[in-house]
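Asker: Need coordinates for the below:
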Amino acid sequence: MNCTLRADAAALDASSQIYSEVIEPLKGLEGIVLTLTLQTYTRSLLRPASPSIQPNRPI
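Answerer: Residues are numbered from 1 along each chain as shown. Below is the predicted model:
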């Protein structure tokens with residue numbers, strides 16, 4: 001699953017906490033590798049999801 005969110009400390013912390021809680025039951029499965037990956041994107045690589053979001057305008 002991919003999602004894009006603002007690089008806001010509270011949002012990133014919340015996503016990490018949610019991920020950690022959700023994967024807890026899976027940790028005992030043999031051979032499973034669980035990861036949470038954060039990747040930065042430049043604004044030019046992000047395509048607006050809504051006509052109300054304009055390039056070069058704060059999201």
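
Asker: Which stretches in the protein count as helices?
Answerer: Secondary structure of the chain (DSSP state H): helices located at 9-23.

Asker: Could I get the pLDDT score of the residue of it positioned farthest from its centre?
Answerer: Among residues of the chain, the one most distant from the C-alpha centroid is residue 30; the distance is 25.8 Å, by C-alpha atoms, centre = their mean. Here the pLDDT value assigned to residue 30 is 94.

Asker: The one 10 residues further on too?
Answerer: At residue 40 the predicted local distance difference test score is 80.

Asker: Which residue, neighbours along the chain excluded, lies closest to it?
Answerer: Leaving aside its sequence neighbours, residue 40 sits nearest to residue 7 (C-beta to C-beta, 6 or more residues apart in numbering; 7.5 Å). Backbone N, C-alpha and C define where each C-beta goes, glycine included.

Asker: Quick check: the one you found touching residue 42?
Answerer: No: the pair residue 7 / residue 42 is not scored as a contact, 11.9 Å apart, by C-beta atoms under 8 Å.

Asker: if you count what's nearby, which of the two comes out ahead?
Answerer: Comparing residue 7 with residue 42 by other C-beta atoms under 10 Å, the one with more neighbours is residue 7, at 9 against 6.

Asker: From residue 30, how far out is the more buried one?
Answerer: Separation of residue 7 from residue 30 (C-beta to C-beta, to the nearest Å): 35 Å.

Asker: And residue 24, by the same measure?
Answerer: For residue 24, the distance to residue 30 equals 16 Å [C-beta to C-beta].

Asker: Equivalent analysis for residue 43, please.
Answerer: Here the criterion is C-beta to C-beta. By it, residue 43 lies 42 Å from residue 30.

Asker: Repeat that for residue 6.
Answerer: Residue 6 sits 37 Å away from residue 30, going by C-beta to C-beta.

Asker: I'd like the average pLDDT over stretch 3-10.
Answerer: 78.

Asker: what's the burial count for residue 12?
Answerer: For residue 12, using other C-beta under 10 Å, the count is 13.

Asker: cool, and residue 2?
Answerer: Residue 2: 5 surrounding residues under other C-beta under 10 Å.

Asker: Tell me who's in contact with it.
Answerer: For residue 2, the contact set (C-beta atoms under 8 Å, 6 or more residues apart in numbering) is empty.

Asker: Many thanks, have a good one.
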